[in-house]
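K.L.:
Generate a structure from the sequence data that follows.
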Amino acid sequence: MTSFLVFTVLVLIGIALWQLTKIYDLTQFGTASENSEVANDKDNSVNGYLMFAFVGFIYVFTIYSLYAWGDLILGTPASEHGKDVDSLMAISMALIFFVQTFTQFLLHYFAFKYRGKEGQKALYFADNNKLEAIWTIIPVIVLAGLIMYGLYTWNNIMFVDEEDKQDAIVIELYAKQFGWEARYAGEDKTLGKANVRLIEGINTLGVDLADPAAQDDKVVTELHLPVGKKIIFKMRSQDVLHSAYMPHFRAQMNCVPGMITQFSFTPSVTTADMRNDEAIIAKVDKINKIRTKNSAKIVAEGGVALDPYTFDYLLLCNKICGASHYNMQMKIVVDTPEEYKAWLAEKPTLAQQWKEANAPQPFEAAGTPAVDSTKVVAQVIK
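P.N.:
Numbers count the residues shown, from 1 in each chain. Here you go, the predicted structure:
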């Protein structure tokens, strides 16, 4: 209701201002004024200086943005291929920044220098082969080099040779509205078959428990990865298009219903080490200052204070997949190899969980009176 009232007031203010301008125009009737629709030298000069002012605004705002929000970048990559991704991004951004700065200056400078003047005619020519060759060949060379470097980087990231496959850990990431689950392949490094039609009870991933390869699969809701070990992710979606996004690992891959997509990387920084990273410490401190300030307001209103923030790697969904899209987060923990083995060893297999959940429960026959054994013994002795 408040929003509607504010909107109504703004509309009424707009109508009032419009009426005032009409009244002002009527009061000027019969007076000498310059209301020509044709721009004169004064109009052209004003527009030229405004062009210069706008390009100055662009540069000042760019510098301010780098100063104000420059610390929001992800920082240290947590995967071996992350450095290659960051290098590609840095080169792309440097080229974009240079071209944008140069071309925007020329655009606004020429708009000022060649602004209209009374009696001045524009020089027209149909073509300039040399100029067209320059502005065609240079972008082609730059973009071709950038694309080739990007493809080279992408192929290096995505390529997994047979030796890596033999030593890698295979994990399935399963997306659904609105959450994630993960399934670890066992010693056979093969995930059991799965189908959404088999989803029942605790078998929320639809794993075919009759498949021999599925007998050692383990399903978890928190992802643990060993540092320095190749991880091959197989990704599925139960319902709509999702996207498995792990920003600190510089990894993202769509999860498409009806098909399996794949991405692999090697974690290079444990969670404990990343928490000691200087940039992460500064970010955590900044977030906790904001949370402390907000907590004071919440407590004053009778609420519960916010818990202090602690850094964790996260698996997110990078597609707007529905109303509760924001809930699609899963904690990722990068352990040492020993910690990872100990954690995984504690997790039961899905086959064991299914067996326990569906085991027949002992029960007493309804209506059967309980037997007092002491009386029976007493009768025998007597």
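K.L.:
For this structure, give me the ranges with low pLDDT.
P.N.:
For the chain, applying pLDDT under 70 flags the ranges 28-37, 362-382.
K.L.:
any idea how far the closest residue to residue 156 other than its chain neighbours lies from residue 91?
P.N.:
Nearest in space to residue 156, with sequence neighbours left out and distances taken as Cβ to Cβ, 6 or more residues apart in numbering, is residue 84 at 6.7 Å. The way it works is simple: take the backbone N, C-alpha and C, and place the C-beta from them, glycine included. Distance, residue 84 to residue 91, using Cβ to Cβ, to the nearest Å: 11 Å.
K.L.:
and those two? which has more neighbours close in?
P.N.:
residue 84 (18 against 14; other Cβ atoms under 10 Å).
K.L.:
quick one: the more buried one and residue 155 touch, right?
P.N.:
No. Contact criterion Cβ atoms under 8 Å: residue 84 and residue 155 do not qualify, at 10.8 Å.
K.L.:
Enumerate the helices of the protein by residue range, in sequence order.
P.N.:
2-27, 41-69, 82-113, 129-158, 162-167, 271-275, 278-300, 337-346, 350-357, 373-381 (DSSP state H).
K.L.:
Now tabulate those helices in a markdown table and tack on distance to residue 247.
P.N.:
Compiled in a markdown table, these are given as follows (distance: least, Cβ to Cβ, whole Å):
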| stretch | distance to residue 247 |
| --- | --- |
| helix 2-27 | 34 |
| helix 41-69 | 16 |
| helix 82-113 | 10 |
| helix 129-158 | 15 |
| helix 162-167 | 24 |
| helix 271-275 | 12 |
| helix 278-300 | 13 |
| helix 337-346 | 21 |
| helix 350-357 | 29 |
| helix 373-381 | 67 |
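K.L.:
Which one, of those helices, ends up nearest to residue 203?
P.N.:
Set against residue 203 and scored by Cβ to Cβ, these come closest in helix 350-357, at 6.2 Å.
K.L.:
mind checking how far the closest one is from the chain centre?
P.N.:
Centroid separation for helix 350-357 versus its chain: 35 Å, with Cα atoms, centre = their mean, to the nearest Å.
K.L.:
Pull out the buried positions in that helix.
P.N.:
Going by neighbour count (16 or more other Cβ atoms under 10 Å), the buried part of helix 350-357 is 350, 351, 353, 354.
K.L.:
same question, stretch 240-257
P.N.:
Using 16+ other Cβ under 10 Å as the test for burial, stretch 240-257 gives 242-246, 248-251, 253-256.
K.L.:
Quick one: distance of that stretch to the chain centre.
P.N.:
8 Å.
K.L.:
now what about it, what contacts it?
P.N.:
For stretch 240-257, contacts defined as Cβ atoms under 8 Å, 6 or more residues apart in numbering pick out 74, 77-79, 81-82, 85-86, 173, 175-177, 180, 233, 235-239, 261-263, 265, 267, 274, 313-319, 321-322, 328, 332.
K.L.:
Show me which of these are buried.
P.N.:
Members of the contacts of stretch 240-257 that pass the buried threshold by neighbour count (16+ other Cβ under 10 Å) are listed as 77-79, 81-82, 85-86, 173, 175-177, 180, 233, 235-238, 261, 263, 265, 267, 274, 313, 315-319, 321, 328, 332.
K.L.:
what's the closest of the helices of the chain to residue 197?
P.N.:
helix 350-357 (16.2 Å).
K.L.:
Format the buried residues of helix 350-357 as a markdown table; extra columns: distance to residue 50.
P.N.:
Converted to a markdown table, the buried residues of helix 350-357 look like this (distance: Cβ to Cβ, whole Å):
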| residue | distance to residue 50 |
| --- | --- |
| 350 | 67 |
| 351 | 72 |
| 353 | 69 |
| 354 | 71 |
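K.L.:
Show me the two of those that sit farthest apart.
P.N.:
Most distant of the buried residues of helix 350-357, by Cβ to Cβ, are 351 and 353, 7.4 Å apart.
K.L.:
quick one, phi psi at the residue nearest to the spatial centre of the chain?
P.N.:
Nearest to the geometric centre of the chain sits residue 318, at 4.4 Å (Cα atoms, centre = their mean). The phi/psi pair for residue 318 (degrees, to the nearest 10) reads phi -100, psi 20.
K.L.:
for it, what are its contacts?
P.N.:
Residues near residue 318 by Cβ under 8 Å, 6+ apart: 243, 244, 245, 252.
K.L.:
Bridged to residue 236, which residues?
P.N.:
Beta bridges link residue 236 to residue 174, judged by DSSP bridges.
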